[in-house]
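> sequence and predicted structure, then a few things I'm wondering about:
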Amino acid sequence: MTFFDVVVVGAGQAGLAMSHALTLRGVDHLVLERGEIGGAWRTSRWDSLKLLTPNWANGLPGVPYCGPDPDGFMPVAKFADTLAYYAASMSAPVRTHTRVERVHKTEDGFAIRTSDGEIRCRALVLATGACARPQVPSVALDVPASVQHTTPSRYRRPTDLPPGEVLVVGASASGVQLAREIQGSGRPVTLSVGAHTRLPRTYRGRDIEWWLEETGMMDVGLEEIDDLERARRTPSPQLIGGTHPVDLNALQAVGIEIVGRLAGIRCDKAQFSGGLAQVCASADLKMGRFLTAVDELACIQDGEPLAPADRPEPTCLPASPTLEKHLGGGGIRSIVWATGYRPDFSYLDLPVFDRRRHLIHRAGVCCVPGLYVLGLPFLRRRRSPQISGVGPDSEAVSQHLANFLSGQKDIAA
């Protein structure tokens, strides 16, 4: 058994950012990673995926992006290489291929049972992020055996799917990207659309990420949000790591059929909600409000002139949206569940969950003293789950953690 002041679980961008912050504070720590450094970016992403944020927005603590293509979009495998190089450059104390199996409280901290023996620590940081497990709806249990189904974390390329029509369930970032890729392989695609966030890739000549920064949207904090749980459930925007659009109009233009939310499966038929118009109108309205805020900011911008406003057209809907489709046989042969992800804290044997099994924390500080979390949606501000958010969050959380180790009481989160 070994003992450390701090153990960090996860060696992705959040875990390495915390390691960087702890190293600067001189805190003894160990980072545990179940695979290779940044391994989830290699093993749980499809082959063609690129980061949704431009390169200039993806710097890590102490290492801003300084490459030749700041406006480009990095393939996820290259980003995994970047994480490995980052860890090596700061000699991060990472122990790879070590799976955490159980954590329980001790008198002086935590006991961590791993695949490589027991480790003890005074404080524990959970940095495995919000996308540890795909979130598949219970309706998947009703899919006929003849229909193959998968998730974005298992899908790699269109040839993984059988010939024939594909149903993609979910129209956030993963769903719209996969629908477009699969349609391009010659397979007919139906996209089941629920609540979604619509944003253009560029507006008035600038990447939308630039506008999110300029308007201050990315730094909106917890105290500015009325309904925090709702904010944490906000779908990822319909964007791709590139310049071409993947909103519902663009997808329909290449032959993808859009239908409403998947309401159920009965008698080998997928049944879709009739609320497609309402969810699209809501997404268009919210996009319009944000672009209005951009236009107001553009009026007072100094420096280089901006391009004229080029708002996307409202979402075009089919005259009579399909309400049901056959599964198997001559109908849908495969389903991709692009229905989101959830964290995996199943190894915690601690009283830290609410009735819905959500981890209880305030700005990354959990209800059990000495336990911390990073990389979750709206942990401290809107940018928290993004690569650009792990630096500020790890700095704030590491300050709280250092105070805890020094024995300070009544520390504010």
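Sure thing, it's come through.
> C-alpha from now on. contacts and neighbour counts both.
OK.
> contacts only, for the residue nearest to Gly175 when sequence neighbours are not counted.
Once flanking residues are discounted, Gly175 sits nearest to Ala338: 5.1 Å by CA to CA, 6 or more residues apart in numbering. Neighbour list for Ala338: Thr151, Pro152, Val168, Val169, Gly170, Ala171, Ser172, Ser174, Gly175 [criterion: CA atoms under 8 Å, 6 or more residues apart in numbering].
> now Ala338: phi and psi?
The phi and psi values for Ala338, taken as degrees, to the nearest 10, are phi -90, psi 60.
> same deal with Gly109?
Gly109 adopts backbone torsions of phi 150, psi -120, taken as degrees, to the nearest 10.
> how about Glu257?
According to degrees, to the nearest 10, Glu257 has phi -90, psi 130.
> in stretch 215-234, what counts as buried?
Neighbour-count burial for stretch 215-234 flags Thr215, Met218, Asp219, Gly221, Leu222 (criterion: 16 or more other CA atoms under 10 Å).
> which among those gets closest to Arg333?
Using CA to CA, Met218 comes nearest to Arg333 of these, at 40.2 Å.
> correct me if wrong: the closest one contacts Arg380.
No - contact criterion CA atoms under 8 Å: Met218 and Arg380 do not qualify, at 10.7 Å.
> could I get the buried residues of stretch 215-234 as TSV with pLDDT?
Putting the buried residues of stretch 215-234 into TSV (pLDDT from 0 to 100) gives the following:
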residue	pLDDT
Thr215	96
Met218	96
Asp219	96
Gly221	95
Leu222	92
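> just those residues now: which is nearest Ser192?
The shortest gap between Ser192 and any of the buried residues of stretch 215-234 belongs to Met218, at 28.6 Å (CA to CA).
> report the distance from stretch 144-153 to the chain centre.
Mean C-alpha position of stretch 144-153 versus that of the full chain (CA atoms, centre = their mean, to the nearest Å) differs by 22 Å.
> whoops, stretch 84-99 was the one
Centroid separation for stretch 84-99 versus its chain: 22 Å, with CA atoms, centre = their mean.
> that stretch spans what distance, first to last residue?
Counting by CA to CA, to the nearest Å, you get 18 Å between the two ends of stretch 84-99.
> which parts of that stretch are buried?
So for stretch 84-99, counting by 16+ other CA under 10 Å, buried means Ala84, Tyr86, Ala87, Ala92, Pro93, Val94, Arg95, Thr96, Thr98, Arg99.
> report the mean per-residue pLDDT for that stretch.
The average pLDDT within stretch 84-99 is 97.
> can you list contacts of it?
For stretch 84-99, the external contacting residues (CA under 8 Å, 6+ apart) are 11, 16, 19-20, 29-38, 114-116.
> stretch 378-387 too?
With contact meaning CA under 8 Å, 6+ apart, stretch 378-387 is reached by 13-14, 57-60, 129-130, 217-222, 228, 231-232, 362-364, 375-377, 389-390, 393.
> give me that answer again for 7 Å
Here stretch 378-387 makes contact (CA atoms under 7 Å, 6 or more residues apart in numbering) with 13, 58, 218-222, 232, 363-364, 375-377, 389-390, 393.
> what count of nearby residues applies to Val7?
24 (other CA atoms under 10 Å).
> that one sits in which helix or strand?
Element membership for Val7, per DSSP states H and E: strand 2-9.
> low-confidence stretches in the chain?
The chain contains residues with pLDDT under 70 at 302-303, 408-413.
> that one - how does it break down into domains?
For the chain, automatic domain parsing gives the domain ranges 2-132+343-405, 136-337.
> what's the end-to-end length of the first one?
Across its full length, domain 2-132+343-405 reaches 18 Å end to end, with CA to CA as the criterion.
> so how far is it from its chain's centroid?
Computed by CA atoms, centre = their mean, the chain-centroid distance of domain 2-132+343-405 equals 14 Å.
> state the helix or strand in which Ala111 lies.
Counting by DSSP H and E, Ala111 is found in strand 109-114.
> same for that strand, what does it pack against?
The contact analysis (3 or more CA pairs under 7 Å, 6 or more residues apart in numbering; DSSP states H and E) places strand 109-114 against strand 100-106, strand 117-126.
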